[in-house]
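could you look at this predicted model? Sequence included:
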Amino acid sequence: MARPPRATVTYEAAPNIALVKYWGVRDPDLGIPYNSSLSVTLDRLRSRTTVRFSDDLTSDRVVLNGAEATGGPRAGVVALLDRVRALARSDRYAEVRSDNNFPMASGLASSASGFAALAGASSLAAGLTLSDREVSELARSGSGSACRSIFGGFVEWRAGVRADGSDCFARTLFGPGHWPALVDLVLLVEGAPVKEVRSMDAMQLTVRTSPEYAARLRGLPRRLERIRRAIAARDSAALFPLVMEECDSFRSVCETTRPTLDYLTPTSRAILGEVRSLNREAGRPVAAYTHDAGAHMHVFTLAQDLAGVRRRLARLPGVRSTLALHPGPGGRRLAPRRRSRPARRAR
Ligand code: DP6
């Protein structure tokens, strides 16, 4: 039986930065975390992924940022493609091309945007019509935080309580236009080490060995609720101290993990100190730092304070560059490029 031709699909998605961190997995097979998390999907940065399934291929082909992927990165992509093939009852191999408009090793969560874009592109290319929630679940199987990048603006990933994961899902709480004055100043630092332990393995080490992990989990529902309320009210004076408190809690469980997880460089630590000084000098919270499992820093501030905050932080030794980002849209399919018609032969 002739099989229907399938489309070549391109889908793009952005990284997100967590204000309440996902760190610890209750069910590794279903990808269910111990705690709910909350993030901001960012504008301007993008992973763009094109997928085509074909009968002509004899294995999956994965090209990441122009280079043929091998080892772990390829295996992660193939595992997600296998899920798509199972859902679509297909045995076709795929060609995957993915590009970021930001450096992959920059620590700017390329796995979140990358797996979100892959989930969107591969499911559509296989002819599946999934809801955003289903695409998000697929993205989650590649990288936990990727489930949030399907959605725009301020996004909550609910951990849920059911064993089958049916109440574990991500959704937008407030759209990208909710708080236009909020800025995420990304500070890329020099000499950021390449991650030695995958986040998934690192967080499970924290669950097993950090004496502070249980107390962190107990306090998180209340902190998440307060953060949600501060965002709803666009109240930076309430939000910024809570964002730093959460970042400090995350860093503390990492540092008390055995062996310790130390993601920061001296420059990252200098940024933490400088933000605290800025707030002390201003007599109000003008900025809030946060970071993921990496050395680069995200500093939230309001548009009116951006110039002053940026000037102070950009001059710290070891700050390589800064990037001011806003809440942005979720993942989306890009319209197929219209083939240009062959030029008419002149008669
Ligand atoms: C610190 O989603 O990168 O960024 O599931 O192993 O891909 P994997 O982990 P990942 O972990 C992200 C952890 C974090 C916090 C967060 O984004 O919530």
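Structure received.

assign residue 311 to helix, strand or coil.
In the three-state summary, residue 311 is assigned as helix, counting by DSSP: H, G, I helix; E, B strand; the rest coil.

what residues are up against it?
Contacts for residue 311 were tallied using CB atoms under 8 Å, 6 or more residues apart in numbering; there are none. Yep, even glycine has a C-beta here, placed from its N, CA and C like the rest.

mind checking pLDDT for it?
Predicted confidence (pLDDT) for residue 311: 98.

quick one: it from the ligand, how far?
Plainly put, residue 311 is 28 Å away from the ligand if you go by CB to the nearest ligand atom, to the nearest Å.

mind checking how far that residue is from residue 274?
When CB to CB, to the nearest Å is the yardstick, residue 311 and residue 274 sit 11 Å from each other.

before we move on, what about residue 246?
If you go by CB to CB, the gap between residue 246 and residue 274 works out to 19 Å.

these two: who's more crowded?
Under the neighbour definition other CB atoms under 10 Å, residue 246 and residue 274 were set side by side, and residue 246 has more, 25 against 20.

tell me the SS of the more buried one?
Under three-state DSSP, residue 246 comes out as helix.

so what's the nearest residue in space to residue 333 that is not next to it in sequence up against?
Residue nearest to residue 333 in three dimensions, not counting chain neighbours: residue 11, with 5.1 Å by CB to CB, 6 or more residues apart in numbering. The contact partners of residue 11, by CB under 8 Å, 6+ apart, come to 48-49, 51, 117-118, 120-121, 124, 331-334.

change it to 10 Å
47-51, 98, 116-125, 135, 150, 331-334 (CB atoms under 10 Å, 6 or more residues apart in numbering).

so it is in which element?
strand 9-13 (DSSP states H and E).

near the ligand, anything from that strand?
No. Shown here: strand 9-13 not in contact with the ligand (CB under 6 Å from any ligand atom), separated by at least 13.5 Å.

dump that strand to CSV, restricted to CA.
The C-alpha atoms that make up strand 9-13 are tabulated as CSV, following Å, rounded to 0.1, in the frame of the first residue of the first chain:
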residue,chain,number,x,y,z
VAL,A,9,7.7,20.6,9.4
THR,A,10,9.6,23.5,11.0
TYR,A,11,8.7,24.5,14.6
GLU,A,12,10.4,27.0,16.9
ALA,A,13,10.5,27.4,20.6
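
in the following helix or strand past it, what counts as buried?
Beyond strand 9-13 in the direction of the C-terminus, DSSP H and E gives the next helix or strand as strand 16-20. Neighbour-count burial for strand 16-20, with 16 or more other CB atoms under 10 Å as criterion, is recorded at 16-20.

now do residue 27: how many residues are near it, please.
13.

buried residues in stretch 122-141?
For stretch 122-141, by 16+ other CB under 10 Å, it's 122-126, 130, 132, 134-141.

model confidence over it, on average?
If you average the pLDDT over stretch 122-141, you get 98.

try stretch 47-56
97.

residue 270: what's it in contact with?
189, 264, 297, 313, 316-319.

of these, which is the most crowded?
Each of those was scored by neighbours using other CB under 10 Å; the highest score is residue 297's, at 29 neighbours.

now do the phi/psi pair for it.
According to degrees, to the nearest 10, the main-chain angles of residue 297 amount to phi -120, psi 150.

residues from the stretch 51-200 of the chain in reach of the ligand?
Neighbours of the ligand within the stretch 51-200 of the chain, by CB under 6 Å from any ligand atom: 111, 143-145, 198-200.

again, 8 Å this time
Residues of the stretch 51-200 of the chain lying near the ligand by CB under 8 Å from any ligand atom: 109, 111-112, 115, 140, 142-146, 148, 157, 198-200.

now list the buried members of those residues.
With burial judged by 16+ other CB under 10 Å, the buried subset of these is 109, 111-112, 115, 140, 142-146, 148, 157, 199.

remind me which residues of the stretch 1-150 of the chain are low pLDDT?
Across the stretch 1-150 of the chain, residues meeting the criterion (pLDDT under 70) sit at 1-6, 103-109.
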